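Undergrad: turn this into a model:
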Amino acid sequence: MISFDIHQDEVPRAERLTRLRLAKLSQALAKHVPGQSDGSVSVNFVTDTEIRRLNRMYRGQDKVTDVLSFAAGERALSGQLGDVLISYPQAKRQAENGDLELELADLLVHGILHLMGYDHEQASAADTMFSLQDAIVAKIL
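TA: Next up is the predicted model:
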């Protein structure tokens, strides 16, 4: 199962992801992505300025994005999947019908799936990734 090292200082206390929500996420990932959902993930909520800087530095895109994932790579400590960075201000803007909890969970799952090797560059890969993302988010809310 996935364990989380989560830093939510940028998120108001009432809007933070709870331990219960993270435990449900870990269980849903284990069910829907067996064999790939073991390890630790570092999660940081950041400002628009910070995510834009990182997006420019690592992806060559000088714009705010909602989530970035950085896989740990071969030299990582055993069990470390990588880092997920979420722009809290962007998530808040994107929250449909004011459902910020849904948006934060959706972005976190999206970032973790990227760490597991999923992408949405090709239409068939996007269908697979987004279907899996929707199934996992449905289990945790």
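Undergrad: and Ile2, bridged to which residues?
TA: Under DSSP bridges, the beta-bridge partners of Ile2 are Gly39.
Undergrad: distance check, it against Gln61.
TA: Using CB to CB, to the nearest Å, one gets 27 Å for the distance from Ile2 to Gln61. For glycine as for every other residue, the C-beta is placed from the backbone atoms N, C-alpha and C.
Undergrad: tell me if Val84 really is in a helix.
TA: No: Val84: not assigned to a helix; according to DSSP: H, G, I helix; E, B strand; the rest coil it is strand.
Undergrad: and the closest residue to it other than its chain neighbours, helix, strand or coil?
TA: In this structure, Val84 finds its nearest non-sequential neighbour in Gly111, 3.4 Å apart by CB to CB, 6 or more residues apart in numbering. Counting by three-state DSSP, the backbone at Gly111 sits in helix.
Undergrad: max-length helix in the chain?
TA: Here the longest helix in the chain is taken by residue count, with DSSP state H as the criterion, and it is helix 123-140.
Undergrad: which residue is nearest the middle of this structure?
TA: With the centre of the chain defined as its mean C-alpha position, the nearest residue by CA atoms, centre = their mean is Leu108, 2.3 Å away.
Undergrad: pretty sure that one contacts Ile86?
TA: Yes: the pair Leu108 and Ile86 passes the contact test of CB atoms under 8 Å, sitting 6.7 Å apart.
Undergrad: got any residues that touch both of the two?
TA: Counting by CB atoms under 8 Å, 6 or more residues apart in numbering, the common neighbours of Leu108 and Ile86 are 43, 67.
Undergrad: circling back to that earlier point, next up, the contacts around the residue nearest to Val84.
TA: Taking CB under 8 Å, 6+ apart as the definition of contact, the neighbours of Gly111 are 43, 67-69, 84-86.
Undergrad: now do 10 Å
TA: Gly111 makes contacts with 41, 43, 66-70, 82-86, as judged by CB atoms under 10 Å, 6 or more residues apart in numbering.
Undergrad: Asn97 should be in a helix, yeah?
TA: Yes: secondary structure assignment places Asn97 in a helix (three-state DSSP).
Undergrad: can you get me a residue count around it?
TA: The burial metric for Asn97, expressed as a neighbour count using other CB atoms under 10 Å, is 7.
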